[in-house]
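**Q** test case, fold it:
(one chain, ligands or ions: 1)
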Amino acid sequence: AEDATHKQAEENLLRSPICCIMGHVDAGKTKLLDFVRGTNVQEGEAGFITQQIGATYFPAENIRERTKELKADAKLKVPGLLVIDTPGHESFTNLRSRGSGLCDIAILVVDIMDGLKPQTIESLKLLKMRNTEFIIALNKVDRLYGWKTCRNAPIVKAMKQQSKDVQNEFNMKLRQIVTQFMEQGLNTELYYKNREMGETFNMVPTSAISGEGIPDLLLLLVQWTQKTMVEKLTFSNKVQCTVLEVKVIEGHGMTIDVVLVNGVIHEGDQIGPIVTTIRALLTPHPMKELRVKGTYLHHKEIKAAQGIKITAQGLEHAIAGTGLYVVGIDADLEDVKEVAMEDMKSVMSRIDKSGEGVYVQASTLGSLEAFLEYLKSSDVCIPVSGIGIGPVHKKDVMKVSVMLEKKKEYGTILAFDVKVTPEARELAAELGVKIFIDDVIYRLFDQFKAYICNLKEEKKREAADEAVFPCVLKIVPEYVVRNKNPIVLGVDVLEGIAKVGTPICIPQRDFIDIGRIASIENNRKPVEIAKKGQKVSIKIVGSNHEEQQKMFGRHFDVEDELVSHISRRSIDVLKAYYQDDLSREEWKLVVKLKNLFKIQ
Ligand code: GDP
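**A** You can find the predicted model right below:
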């Protein structure tokens, strides 16, 4: 009896771990969640799953029942498992409660037939950034050719039922995926073969269609969290709460959906950072079938971990993704506010001081941070001049439009997982503000990258006539074919790049201009450019009457060098669009010519 009491006490000390599901689109996140949840959702009874706000709660009894084939009973110390309902939403691992991740553990779903995909890698980055534990579900094992269904069976048992061919194919896919993870700097292993848990990440083969491996996944989630996160999961009186969503509900006005991560929250509690008093604590009505739209259960108090809807005054100022704080009797309101501001500060520090850059709008503070982090770590530098949370409105477009005059490409809003109002869209089209929308980080980023590349190419084309490549040419006396306009000469490219279109001048003869290179022939074949060391024939055509009068043998001669006539403007154009087209040596020549022409 004493043992039982002891166990009871221990159970009361731990809260339920919170889990979220991530992975590439179509990996099976939704299906997996539906499957895990789908069986026996019959509420109000012990051991049955309950639907909460934004989450599903699995009591320990339910997990015990479903994993009994794994002979794991009596080893569960947590009261249950809370799974966040919106899968695939990257921002979920980024929702925070007091600086750390909202989720204690994540399931990273990988399609066993497809292996790692861009979003899998993106998810991995986010998990690493947040230091969040995770388990890999190798989903869709039932798609291995010839798979024999073993409904809801533990994976080892299911695997034993399979033919040699299926097992071979499985092992082959597994090896490929292990290698792909290794390329991402991660060691992985099937969980039942993993001898170095913690260093080597666990993989569980699953099927979201027939349920093989689901018991293993559930058990591993619970066992791993209660084994390694005792401190984090210890029940505390300090409230930790994260806002998932801010929305209007008919009959309740503005409400917030929150996940209470730790502590107890009461009706009438004063909360911050928007200082207000909780009017009602709501959860969905348990009798689902009888549920009238918009009816909720009211609670006097709720203990973590749970998903709750809160109603109160002033909630329209709440920000999804930020923490919510309860002001205790002895707590200093200023302290509470300061903690709330900390979250915002880390994001603000990413804004470019120059005031030039794109505008980033995201759904939550966490997703905003994740996107900014991604921008920072990318190979192209994209400065950010402003940020916002929530839908893109007209006023945001107005703000961004001033950037158009400074730099066209920065007159852009990157809308990460947020809506754009029709009015904002209209105004943007009118003013020329670009809005890119996506709910996948890398796709949004790639859209914008493609846009700036195009813009650059376009400008480069427009400026092509003004770009002057540097060259120094020496006349080959025996190859002077025509001595006046159009002049045709054999030349040695002494330095730099001779390019069609380059204006040519003779520094030794008072810098006279003799025309532009109209064509170049190398071994009788027309070419666009000739580089240092090449011998080519060039045709020079005078652009005006004066130039057309210039004659070889009269105005200049064999000993004179022909040089690109550069200018301040031509140097600027080269710098802006042709940075990578010139070698270091060629840039040195630009500097040399700049001095020769006494350009400031
Ligand atoms: P999500 O984008 O990651 O949420 O992926 P979904 O859950 O929407 O699944 C994408 C597609 O894969 C759907 O057609 C599912 O029916 C299918 N699917 C998901 N899991 C499995 C699985 O375990 N086995 C098989 N055969 N199909 C699956």
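**Q** next, the buried residues of stretch 67-78.
**A** For stretch 67-78, a neighbour-count test (16 or more other C-beta atoms under 10 Å) marks 67, 70, 72, 76-78 as buried. For glycine as for every other residue, the C-beta is placed from the backbone atoms N, C-alpha and C.
**Q** and these, which is closest to Lys173?
**A** Checking the buried residues of stretch 67-78 against Lys173 with C-beta to C-beta, the nearest one is Leu70 at 23.6 Å.
**Q** for the ligand, what is the nearest residue in the stretch 401-550 of the chain?
**A** Using C-beta to the nearest ligand atom, Val440 is the residue of the stretch 401-550 of the chain that sits closest to the ligand, at 11.1 Å.
**Q** just give the number of residues close to that residue.
**A** Taking other C-beta atoms under 10 Å as the criterion, the count of residues near Val440 is 17.
**Q** in which helix or strand does the closest residue to Gln447 other than its chain neighbours reside?
**A** Of all residues not flanking Gln447 in the chain, Phe436 sits nearest, at 4.7 Å (C-beta to C-beta, 6 or more residues apart in numbering). Taking DSSP states H and E as the definition, one finds Phe436 inside strand 434-438.
**Q** so what does that strand touch, helix or strand wise?
**A** Based on contacts counted as 3 or more C-beta pairs under 8 Å, 6 or more residues apart in numbering; DSSP states H and E, the elements that strand 434-438 packs against are strand 412-416, helix 422-431, helix 441-463.
**Q** okay, now the sheet partners of that strand, with direction.
**A** strand 412-416 (parallel) (DSSP bridges).
**Q** next, the buried residues of the helix or strand where Asn595 lies.
**A** Asn595 is part of helix 584-596, with elements assigned from DSSP H and E. Of all the residues in helix 584-596, those buried under the rule 16+ other C-beta under 10 Å are 586, 589-590, 593-594.
**Q** what would that helix look like as PDB? C-alpha coordinates only.
**A** Taking only C-alpha atoms (Å, rounded to 0.1, in the frame of the first residue of the first chain), the coordinates of helix 584-596 have been written out as PDB:
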ATOM      1  CA  ARG A 584      41.300  40.400 -58.800                       C
ATOM      2  CA  GLU A 585      43.900  41.200 -61.400                       C
ATOM      3  CA  GLU A 586      41.300  42.800 -63.600                       C
ATOM      4  CA  TRP A 587      40.000  44.900 -60.700                       C
ATOM      5  CA  LYS A 588      43.600  46.000 -60.200                       C
ATOM      6  CA  LEU A 589      43.700  47.200 -63.800                       C
ATOM      7  CA  VAL A 590      40.400  49.100 -63.200                       C
ATOM      8  CA  VAL A 591      42.200  51.000 -60.300                       C
ATOM      9  CA  LYS A 592      45.200  51.600 -62.500                       C
ATOM     10  CA  LEU A 593      43.100  53.100 -65.300                       C
ATOM     11  CA  LYS A 594      41.100  55.100 -62.800                       C
ATOM     12  CA  ASN A 595      44.400  56.800 -61.700                       C
ATOM     13  CA  LEU A 596      45.400  57.200 -65.400                       C
END
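**Q** in the stretch 51-200 of the chain, which residue sits nearest the ligand?
**A** Closest residue of the stretch 51-200 of the chain to the ligand, C-beta to the nearest ligand atom: Lys140 (3.9 Å).
**Q** give the contact list for that residue.
**A** Residues counted as contacts of Lys140 (C-beta atoms under 8 Å, 6 or more residues apart in numbering) are 28, 111-113, 207-209.
**Q** hmm, try it at 10 Å
**A** Residues in contact with Lys140 (C-beta atoms under 10 Å, 6 or more residues apart in numbering) are 26-28, 31-32, 109-114, 147, 205-209.
**Q** so which of those residues sit within helices?
**A** Secondary structure assignment (DSSP state H) places 31-32 from those within helices.
**Q** which of the contacts of Lys140 count as buried?
**A** In those, burial by neighbour count holds for 27-28, 31-32, 109-112, 147, 205-209, counting by 16+ other C-beta under 10 Å.
**Q** how much space separates the closest residue to the ligand within the chain from Asn139?
**A** The nearest approach of the chain to the ligand comes at Gly28, 2.9 Å away (C-beta to the nearest ligand atom). Taking C-beta to C-beta, to the nearest Å as the criterion, Gly28 is separated from Asn139 by 4 Å.
**Q** what do those two both touch?
**A** Taking C-beta under 10 Å, 6+ apart as the criterion, Gly28 and Asn139 both touch 109-112, 206-209.
**Q** need those in JSON lines (columns: distance to Thr421).
**A** Formatted as JSON lines, the entries for these read as follows, by distance: C-beta to C-beta, whole Å:
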{"residue": "Val109", "distance to Thr421": "33"}
{"residue": "Val110", "distance to Thr421": "37"}
{"residue": "Asp111", "distance to Thr421": "36"}
{"residue": "Ile112", "distance to Thr421": "42"}
{"residue": "Thr206", "distance to Thr421": "41"}
{"residue": "Ser207", "distance to Thr421": "42"}
{"residue": "Ala208", "distance to Thr421": "36"}
{"residue": "Ile209", "distance to Thr421": "40"}
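**Q** the stretch 101-250 of the chain: strands as residue ranges?
**A** When assigned using DSSP state E, counting those that start in this stretch, the strands of the stretch 101-250 of the chain occupy the ranges 105-111, 133-139, 188-190, 201-205, 240-249.
**Q** what pairs with whatever helix or strand comes next after the last one, parallel or antiparallel?
**A** Remark: after strand 240-249, the chain's next helix or strand is strand 253-262, criterion DSSP H and E. Strands flanking strand 253-262 in the sheet, each with its direction: strand 240-249 (antiparallel), strand 306-311 (antiparallel) (DSSP bridges).
**Q** of the ones you listed, which stretch is the most buried?
**A** Counting by mean count of other C-beta atoms under 10 Å, strand 306-311 has the highest mean neighbour count of the strands paired with strand 253-262, with a mean of 24.
**Q** how far out from the middle of the chain is that one?
**A** The chain centroid and the centroid of strand 306-311 are separated by 29 Å, computed with C-alpha atoms, centre = their mean, to the nearest Å.
**Q** can you name the residues of the stretch 101-250 of the chain sitting close to the ligand?
**A** Neighbours of the ligand within the stretch 101-250 of the chain, by C-beta under 6 Å from any ligand atom: 139-140, 142-143, 207-209.
**Q** ok, those vs Phe445, which is closest?
**A** Using C-beta to C-beta, Asn139 comes nearest to Phe445 of those, at 26.4 Å.
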